[in-house]
Structure formats: structure tokens, C-alpha cells
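J.: Next one to model:
(chains A and B)
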Amino acid sequence: MATSTTAPDADQREPRAGAPARGPARRPRGPRRSLLPYLLLAPAVVLELAIHVIPMVVGVWMSLLELTQFHIRNWSTAPFIGLENYRATLDVNSAAGKELLHSFWVTLVYSLLSVGFAWLLGISAAVVLQRPFRGRAILRALFLTPYALPVYTAVITWSFLLQRDTGLVNHVLVDQLGLLDDRPFWLIGDNSFWSLLVVSVWRNWPFAFLCLMAGLQNVPGELYEAAAIDGAGFWRRLRSVTLPMLRPVNLVLLLVLFLWTFNDFNTPYVLFGGSAPEQADLISIHIYRSSFKTWDFGSGSAMSVALLLFLLVVSAAYLLITNRRRDDHA
Amino acid sequence: MRETAGERWGRRIVLTLLTLFVVIPLYVMVTSAAKPLQDVQNGFTWWPSRPTLQPFIDMWSTVPLARYLVNSLVVSSIAAICSVAVAIFAAFAVSRYRFRGRGVFSVTVLSTQMFPGILFLLPLFLIYVNLGNATGIELYASRTGLIITYLTFSLPFSIWMLVGYFDSIPRGLDEAAQVDGAGPLRILFQVILPAAVPGVVAVTVYAFMTAWGEVLFASVMTDEGSRTLAVGLQGYSTQFNVYWNQVMAASLVVSIPVVAGFLALQRYFVAGLTAGAVK
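T.: The predicted structure follows:
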């Protein structure tokens, strides 16, 4: 390895660089050394601060202002109104509060169903592809394709499939199978929720598959051999070997997928445009619409902050519960 | 361990259903891109009435696709490269040093993943606009603003994956280099990075994909001149007509490079996820 004779890295070294310490490599404790990790982290920290943390703090401040179209150009002049935005948007007796509550429930059900199905498809694919067979590599690549596609191309394609008059779905259901007499609308009305769910599962499940496949690579084959010798069938092996071994992966995967899906803006926005049908009015679209259509950034920010608080509580509760379970088992 | 007949059939059924679910939309994308306009307007057909490559020609003039493509390429490549460069240093620090605040950093960075984009969209929008008015630095509606924004999106996951990769490189290598008199940066560039090339490439592709597919900020933070593909593809729907064949052709052209890159590197993603998840 790197025997340094000409390298210009002297400035990184302690004065005794000329005589490299032999024996056990001890970490020198000069002041520079202890500063180095912080210098290495600085760019990442500065960027995250600038684009995520500071805007979030500003967002919390904005939620306390009457930041309507009259004050956007110079928002330091916007009047401070305390928690008025929160009262106006979260009060479930007001019209705005009812709409927000509705879209909260829609988003919650949507996220739970989407994550559930994505996980189910992901684990099925990961388990059946665990054993080597001809064509496995091709199927694995194929299954990952929906995740690799840019979201807007994937969702635009689905919106084509779901068109009432020219889409594949109605063509198959109505023209070819004759299951329905009328051609249903898929992108407006009650069906829009289910359309959104199918598209979201199609997009999400490959990520679950990818993670679970990665997790399965860590399961030692001997465990299955031992289980088989004990006479365990497929379901028994799944329940007693595979799922317990996947536990750490599942904990992270389910939380991350839930948060992504709950915050998802891209899928409904591309599928429905800026104004989703009421039945599929996800919370991110709802906030976007009420912020940019009416230019009321103050109440938009209040809703965003409330959303973040909810997600923080959910994540904290999830981590606490799963950690306690893990302690119980240990 | 032998597979029972039931398991074999179960496997075939599961694989067939999943394959159909995945393939049908892809099939429609590919075949519709080769359909004449009447085909996509007069109801669905499984196969073009007369296959044509005309949509691939027309799509460039219906919307200024070339400009959107260049914008997306510039924004995504620069954002990806910068993001990975920043992530490499951060991951090196987290993987190789024990310092005060290490845990806090890891948790904070990862938790930015769960912030709803909409939460910092509004303030960032106002900050960019006001900064432009006050100082003349154009971040709103410029490619620079998008680049800076996007590079932070992939950063947390890139750091996480790279820490996993770096941790898997034996410390003995560092120590040997250290004994030979190599400083920390030399260890990073001459020992760790060469051993982590697949991981770095995978993370770069991931960062590129993140920027290439982003819709929310692209739709708010761009104007006609800086518009990316994410927003530009909506231009094929006019009030009277949707040129579905051209939409599908453009989608295909836009997707193939990223899908190919991802699939080529997928096993490194699996390796990175394993390394990250097991810790």
C-alpha cells in the first residue's frame, strides 16, 4: 500500500510524520485530528441546514403570520397572528378543518394499504426468488424496473391505462371480458382512490422487494437445512426462520415506506394534476392546492407543521414499540 | 433441500402474477410509442394498426423536449456529482472517526428523509424569491437553485449507503497505510475510495435518479427556461388533445438511460442496503 515518498500530504500529518510510528497504529490526538471529522462533515451539515433545517424553522415562523397574497412580495411585513392559522385550519368544525380531516383519513388509509400490499408483494417475490433457478436474474431485474422508472413516466403511463375511453383497463374489463356494461371513470369519482392505490403499490413494491432481498442474503442456509430436517414445511420455515431473520430490515422498511407514502406528492399530482378528486385528496396535494391556489402560505405552513408533528409522533411511537419488543425478545 | 411440487407451483403462480402486473404498463408504454395518433385516440388496441416511429420524431416539436432534456441532464448530473462528493467526506468521517455528535449527526441526517417535501417547499420558495430580490442571486426559476435543492435530497441516503460500504472495508488497510505515513485524506482517496468504487457508482446513480424523477420542486421552482422533464412531459396534453403516442415515446426515451443504469448496478444497491440495514 501507499508508501509515501513524493505525496504532498505533509500538511495532514503531525510533525513526527518523518518517522512513522511503528508497532500498534495509535491514533494521534493532536487538536487537528479531533477537528478533522467536523471539517469532513461541514459541507453536508451546511447544505442540510440551508435547504432543510432553516426553511423548516422559517416555515414554523410563517405558520404564525398572516401570509396571504398581499404580503408575499415582502413577507417581513406580514402581521403576526399567533396560532390563528392553526385554529382556522385544524378546527374540525370549520369547513377548512373538515376538508383537512377528510384528507388526513384518506392519506392514512391510503398509506397503510399501500405499504401493506407493497410489503406483501415484496416478500412474496423475495421468497420465491431466494432459490436459484433459470431466469431468476432476469425476473429480478424486471421486478425492479418500476422503481427505476422516473416517477412521472410511470404515473403518466398508468394515467393512460386508466383513461375512460382509450385506456387498457376499460378495454379489457368492458370490451374483452364484458364484466361491466358502462365504461367507468377511473380518475374521477370513487374509483380514483383505488386507482391511486394500485399505481402507488406498483411503484413501491420493488423497493420493498429490493430491501427484503438484501435482508434474505443474510439468512444462513443452515437455518433452513436445520428446519427442513426438523420436518418444517414451507409456511413453518417462513414463520420461524425467514420472518424473524428479516425483522431488522422490516422495522426500517415499513417505517420508511409509510413516511414516503404519507408524504407522497408525485403520484397523485401526476395522476390527477394539481387538483385531485375529493376521494383521493392526499394531504400533500391538499396543502399544495390551498397554498398555491389561494396564495395563503400562512395556513399552508400551519398544516405542514401539523403534518410534521403527526409524523414525528408516529415515528417515535413506532421506534419505541419496536425497540421494547426487541428488548423483550433479547 | 428439495422443493415440493406445491412449492414449485406456488412459485410459478406468484411469479406469473407479479410479472403480468409489472410488465403490462411497460408493454403499453413501448407499443403505444409506435402507434399512429388515430390508434391512441380511437380506443385501446394491444398492437399498433401500422407500427410507426413518427411519434419519436414529432415529440421534439410538440413541446421543446430537447430543452427540457438538457435542463434535466445538467441539473441531475451536477446535483448527483456534488451530492456524492459531499457524501463521501461525511461518510468517511462517520465510518472512521469516533467524535462527539456522531450519533446526533446520523440521526438528524436520516430523519430529514421523513420531512414532507411540502413543509420546506413554501419557505424555500419564499427564501429563493426574496434572496433574488435582495441580492440578485437567481435561485428561483434557475437551474442553480434546483441543483442545490436536489443535491440535499439524495444526501442522507447516499451518506447512509456509503457508511455501509466504508464500514465493510477492513480497517487493517487504513492502518497499514497509516503506518506507511499516509494522512487521512490520502487514506480516503487511495485506500478506501478505490475499494468502494461500486458503491460510489451506485450512490451516484441513485442521486441522479432522485433528481431526474423529482416533480414537486420542479413544478414550483422552474419557469419555461429552466423547466425539467418532470414538468415538461405534461405539455403533451393540450386542452383539446392528448398526444398519448408522443407521451409514451418521450417517456420511453427519458426512462431507458436511468433504468439501464439502475439495473446494471442493482446488485450493488442490494449490497449497500444490506450493509446499511444490518448495522
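J.: Which residue comes closest to A:Asp297 once chain neighbours are left out?
T.: Just to correct that, residue A:297 is Phe rather than Asp. A:Leu67 (4.3 Å; C-beta to C-beta, 6 or more residues apart in numbering or on different chains). Heads up, the C-betas are built off the backbone N, CA and C, glycines and all.
J.: and whichever helix or strand A:Arg324 is part of, what other elements does it pack with?
T.: A:Arg324 is part of helix A:297-329 when elements are defined by DSSP states H and E. Applying 3 or more C-beta pairs under 8 Å, 6 or more residues apart in numbering or on different chains; DSSP states H and E, one finds that helix A:297-329 makes contact with helix A:54-62, helix A:84-90, helix A:247-263, helix A:283-292, helix B:117-135.
J.: Now for the residue nearest to A:Phe297: which residues touch it?
T.: A:75, A:78, A:296-298, A:301 (C-beta atoms under 8 Å, 6 or more residues apart in numbering or on different chains).
J.: now the angle from the helix holding A:Arg324 to helix B:117-135?
T.: Helix A:297-329 and helix B:117-135 are oriented at 140 degrees to each other (axes from the mean of the first three to the mean of the last three C-alpha atoms, to 10 degrees).
J.: Any idea how many residues pack against the residue in the stretch 151-279 of chain B that chain A sits nearest to?
T.: Nearest residue of the stretch 151-279 of chain B to chain A: B:Gly183, at 2.9 Å (C-beta to the nearest C-beta). Using other C-beta atoms under 10 Å in any protein chain shown, B:Gly183 has 19 other residues around it.
J.: now swap in A:Phe185 and tell me
T.: Neighbours around A:Phe185, by other C-beta under 10 Å: 17.
J.: related to what we said a few turns ago, neighbour-wise, give me the winner out of the contacts of A:Leu67.
T.: Going by other C-beta under 10 Å, A:Ser301 tops the contacts of A:Leu67 with 31 neighbours.
J.: quick one: that one and B:Leu122 touch, right?
T.: Yes: using C-beta atoms under 8 Å, A:Ser301 makes contact with B:Leu122 at a distance of 5.7 Å.
J.: so what's in contact with these two at the same time?
T.: With C-beta under 8 Å, 6+ apart, A:Ser301 and B:Leu122 have common neighbours A:59, A:62, A:291.
J.: Next up, the contacts around the first one.
T.: A:Gly59 makes contact with A:301, A:304-305, B:119-120, B:122-123, according to C-beta under 8 Å, 6+ apart.
J.: what ranges of the stretch 201-330 of chain A fall below the confidence cut-off?
T.: Applying pLDDT under 70 to the stretch 201-330 of chain A picks out residues A:325-330.
J.: one step back: just confirm the residue nearest to A:Phe297 is within a strand.
T.: No: counting by DSSP: H, G, I helix; E, B strand; the rest coil, A:Leu67 falls outside a strand, being coil.
J.: ranges for the helices of chain B?
T.: Secondary structure of chain B by DSSP state H: the helices cover B:5-32, B:37-41, B:54-62, B:65-96, B:102-111, B:117-135, B:143-167, B:171-179, B:184-186, B:193-195, B:197-213, B:216-220, B:229-232, B:244-278.
J.: Show me where the stretch 151-300 of chain A has its helices.
T.: Assigned by DSSP state H, counting those that start in this stretch, the stretch 151-300 of chain A shows helices spanning A:151-161, A:168-170, A:191-216, A:221-229, A:234-237, A:243-245, A:247-263, A:266-272, A:283-292, A:297-329.
J.: Closest to the centroid, which residue in the chain?
T.: Answering for chain A, as no chain was given. Centroid-nearest residue in chain A: A:Trp260, 2.1 Å away (criterion: C-alpha atoms, centre = their mean).
J.: wrong one, chain B
T.: Nearest to the mean C-alpha position of chain B, by C-alpha atoms, centre = their mean, lies B:Met209 at 1.4 Å.
J.: Isn't that residue up against A:Ala148?
T.: Yes: under the criterion of C-beta under 8 Å, B:Met209 makes contact with A:Ala148 at 7.0 Å.
J.: list the residues that contact both of these two?
T.: B:258, B:262.
J.: and the stretch 201-330 of chain A, which of its residues are near chain B?
T.: Proximity of the stretch 201-330 of chain A to chain B is confined to A:202, A:210-211, A:213-215, A:217-218, A:224-225, A:228, A:234, A:248-249, A:252, A:256, A:259, A:262-263, A:265-266, A:269-270, A:284, A:287-288, A:291-292, A:297, A:300-301, A:304-305, A:307-308, A:311, A:315 under the rule C-beta under 8 Å from any C-beta of the partner chain.
J.: which residues touch A:Thr153?
T.: Here A:Thr153 is in contact with B:29, B:233, B:251-252, B:254-255 (C-beta under 8 Å, 6+ apart).
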